[in-house]
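Peer 1: The following comprises the amino acid sequence and a computationally predicted model.
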Amino acid sequence: MSFTAEVRDELSRCEPTCEYCDLATLAAVVRVAGTLSLSGAGRRLTIATETGAVARTMIGLTHKVLGLKTELTARRSVLHKVRNYLIALPQQPGLDKALVLLGVLDRHGALVAGVPRHLLARPCCRISYLRGALIAGGFVADPRGDFHLEVAVATDELAQGIADLMADAGVTARVNRRRNASAVYLKSADDIVRLLEAAGAHRSVQDIRQARAMKSVKNEVNRKVNAELANSARSAGAAQHQVELIERIEALGLLDELPEALRSFCELRLAHPDLSLRDLGELADPPLSKSALYHRVLRLEKIARAGESGRAGAPPARSDA
C-alpha cells in the first residue's frame, strides 16, 4: 500500500467531532471526486476511484447522513492490476435537496464554484471538509523521499477555498493551475505534519516524523563526512605544496644552509608527505603545534622566493625556531 493510500485509509476512519462534521466530509468528497451528469432519467452523481477509502467514505456517509441509495460497481483493471470502484447516486427522491445541502448546487439549481460556506461555520467542520478533500483527492509523497502533499480539484475557486481553509488551520498552501485542473500543494514538512495532525492522521504523522529524524541524521552524517573529506583534501594539497617547496629550496642549493629548526621540519615533511601539519607536529621532538609548523612553512616560502629572485644573498643565519 502506498503512503497516500495509508493516509487516506487512516483519515476515512476518523470519528466526527460534531453532528455536522460527517456532512462536511461527504461534501468535500463529492466536490473533489464527484461528477454530476444530466440524462433523461434526471440527475446522476458518480465517483470513480481506485481507493477503497474513498468508496467506503462515500457509501457509508451517503447512507448515514443523507439516507440515499447508492450503486456500487467494482472491477479489476487487467492492465494496472488494481480494483476500480464506481459509486453512483441515481436520480431518486431527495437527491436534488441533497445536492444543495452538499454545496454542489445552489437553491436555483446552478453549480457552486467554491467551498460551500454554509457547511463550515464550526472549526471542526472546516477540518472535516479538509479531511474529505484529502480522502478524495489527496496525494502525500512517501516521506522517505521529498516532502510533498497536494489536493487536485477541478476549479480554481475550489482550490483557493481549500487553501483558505488550510490557512485557517495554520498551514501555508499554494495553488497551482494545471491544464484542466488546479492543485493545492504543500512542500514544507512542518505544514504537512500540521495539516495531517489536524485532520486526524496521527499514525501517518508519526511515520513522517520518524522519516524526518532519519533524514536529519543522514544529513548530519553526510555533512560531517563531506567536511572531513574536504579537510583531508586541503591537508593533502597543503602537504604536497610543502614537499614541492622543499624541493625548490633543494634545487637552489639552500637546503643544507637552512637553520636547524627549518631543516628538521624539511626532513620530517619529506619522511611523512601525507600527514597534516597537526599530525606532523606530534611526531616532532619535542612535539610542536600546528601554528609553529605553519610559521616554519612561511619562512621557507620567503627563503624560496628570495633565492629564486636572485636576492638570496648570504646564507641565512642558523638559529632555532
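Peer 2: Cool, got the structure.
Peer 1: going forward, measure contacts between C-alpha atoms and count neighbours the same way
Peer 2: OK.
Peer 1: For the lengthiest helix in the chain, name the packing helices and strands.
Peer 2: Secondary structure of the chain per DSSP state H: the longest helix is helix 202-251. Of the remaining helices and strands, those touching helix 202-251 by 3 or more CA pairs under 8 Å, 6 or more residues apart in numbering; DSSP states H and E are helix 3-12, helix 189-199, helix 260-271, helix 290-308.
Peer 1: can you put those in a markdown table and add mean neighbour count?
Peer 2: Output for the helices and strands packed on helix 202-251, formatted as a markdown table (neighbours: other CA atoms under 10 Å):
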| stretch | mean neighbour count |
| --- | --- |
| helix 3-12 | 21 |
| helix 189-199 | 19 |
| helix 260-271 | 16 |
| helix 290-308 | 16 |
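Peer 1: which one of those helices lies closest to residue 159?
Peer 2: Taking CA to CA, helix 189-199 is the member of the helices and strands packed on helix 202-251 nearest to residue 159, at 15.7 Å.
Peer 1: residues making contact with the closest one?
Peer 2: For helix 189-199, contacts defined as CA atoms under 8 Å, 6 or more residues apart in numbering pick out 11, 127-128, 130-131, 147-149, 166, 169-172, 186, 202, 204-205, 208.
Peer 1: if you set the cut-off to 7 Å instead, what comes out?
Peer 2: The contact list for helix 189-199 (CA atoms under 7 Å, 6 or more residues apart in numbering) reads 127-128, 131, 147, 149, 171-172, 186, 205.
Peer 1: Show me how far that helix is from its chain's centre.
Peer 2: 13 Å (CA atoms, centre = their mean, to the nearest Å).
Peer 1: send the alpha carbons of that helix over as CSV?
Peer 2: Only the C-alpha atoms of helix 189-199 are listed here, as CSV (Å, rounded to 0.1, in the frame of the first residue of the first chain):
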residue,chain,number,x,y,z
ALA,A,189,7.3,19.1,6.2
ASP,A,190,6.1,21.3,9.1
ASP,A,191,2.9,22.3,7.2
ILE,A,192,2.2,18.7,6.1
VAL,A,193,2.6,17.5,9.6
ARG,A,194,0.3,20.3,10.9
LEU,A,195,-2.4,19.6,8.4
LEU,A,196,-2.4,15.8,8.8
GLU,A,197,-2.3,16.1,12.5
ALA,A,198,-5.3,18.5,12.5
ALA,A,199,-7.2,16.1,10.1
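Peer 1: I'd like the mean pLDDT over it, please.
Peer 2: The average pLDDT within helix 189-199 is 95.
Peer 1: Specify the angle between that helix and helix 202-251 in degrees.
Peer 2: Relative orientation of helix 189-199 versus helix 202-251 (axes from the mean of the first three to the mean of the last three CA atoms, to 10 degrees): 170 degrees.
Peer 1: tell me the angle of helix 189-199 relative to helix 3-12?
Peer 2: Going by the same axes, to 10 degrees, helix 189-199 makes 30 degrees with helix 3-12.
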